[in-house]
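# After the sequence you'll find the predicted model.
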Amino acid sequence: MFKLEKLSERWMTRSVLYKHLDDSEFGNNVDRTIYLTPLATMDINKASPVALSGESVNAIVDYLGYSETGYVLFRNSDHIEVVTPRLKMNMDAMVEGFDFYMLKDVFDDQPYVGVVLVRLGRFAVVLLRGEKIIDSKTQGRYVKNRHRAGGSSQ
């Protein structure tokens, strides 16, 4: 039996993650890359990449629990790094060696996101694609008999 120990947890931007994964020292030491969908994290007994990867990966996925987006695991000889993607992994896979192309595809996918903010009779609507603003609209409406400070007029 082995001991599970969480060494660190970091939130990374896409560019910082890519830089970390492109590090040749990191990539050269990875002996297996495992991609897991949310369904695989729900029931690890049905996830073939987990079953084929041995006890250590099985224990880590069991420890991590369910993820709405899945996981990507990079197995090294002495530790396993786990990435939780921002969007859902769409396929389970196990690749010998270092491979982050499926993860890169998920991070490079640019979904449309709509944001609506409403406060005190004013609103803002923004349409984003990835991190870029596609369109926006702001407006404040007139509220009868109200001062800006919140009081009423005579």
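Done, it's in.
# what's the spacing between residue 64 and residue 19?
24 Å (CB to CB, to the nearest Å). All C-beta atoms are positioned from the backbone trio N, CA, C, and that covers glycine.
# unless I'm mixing things up, residue 12 is touching residue 20, no?
Yes - with contact defined as CB atoms under 8 Å, residue 12 reaches residue 20; the gap is 6.9 Å.
# which one of those two has more residues nearby?
The neighbour count for residue 12 versus residue 20, taken as other CB atoms under 10 Å, is higher for residue 20 (15 against 12).
# Which helix or strand lies directly C-terminal to the helix or strand containing that one?
Element membership for residue 20 (DSSP states H and E) is helix 14-22. Per DSSP H and E, the first helix or strand lying C-terminal to helix 14-22 is helix 24-29.
# For that next one, list every residue counted as buried.
With burial defined by 16 or more other CB atoms under 10 Å, the residues of helix 24-29 counted as buried are residue 27.
# Flag the shaky bits of this structure, pLDDT-wise.
Low-confidence segments of the chain (pLDDT under 70): 1-2, 24, 44-53, 141-154.
# Show me where this protein has its strands.
30-36, 71-76, 80-83, 93-96, 112-119, 122-129, 132-140 (DSSP state E).
# Out of these, flag the one nearest residue 6.
Minimum separation from residue 6 across the strands of the chain (CB to CB) falls at strand 80-83, 9.7 Å.
# Which elements pack onto that closest one?
Strand 80-83 makes packing contacts with helix 55-64, strand 71-76 when contacts are defined by 3 or more CB pairs under 8 Å, 6 or more residues apart in numbering; DSSP states H and E.
# If we use 10 Å, what do you get?
On a contact count with 3 or more CB pairs under 10 Å, 6 or more residues apart in numbering; DSSP states H and E, strand 80-83 meets helix 14-22, strand 30-36, helix 55-64, strand 71-76, helix 101-108.
# Would you mind putting these into JSON lines with distance to residue 93 alongside?
Converted to JSON lines, the helices and strands packed on strand 80-83 look like this (distance: least, CB to CB, whole Å):
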{"stretch": "helix 14-22", "distance to residue 93": "16"}
{"stretch": "strand 30-36", "distance to residue 93": "4"}
{"stretch": "helix 55-64", "distance to residue 93": "13"}
{"stretch": "strand 71-76", "distance to residue 93": "10"}
{"stretch": "helix 101-108", "distance to residue 93": "7"}
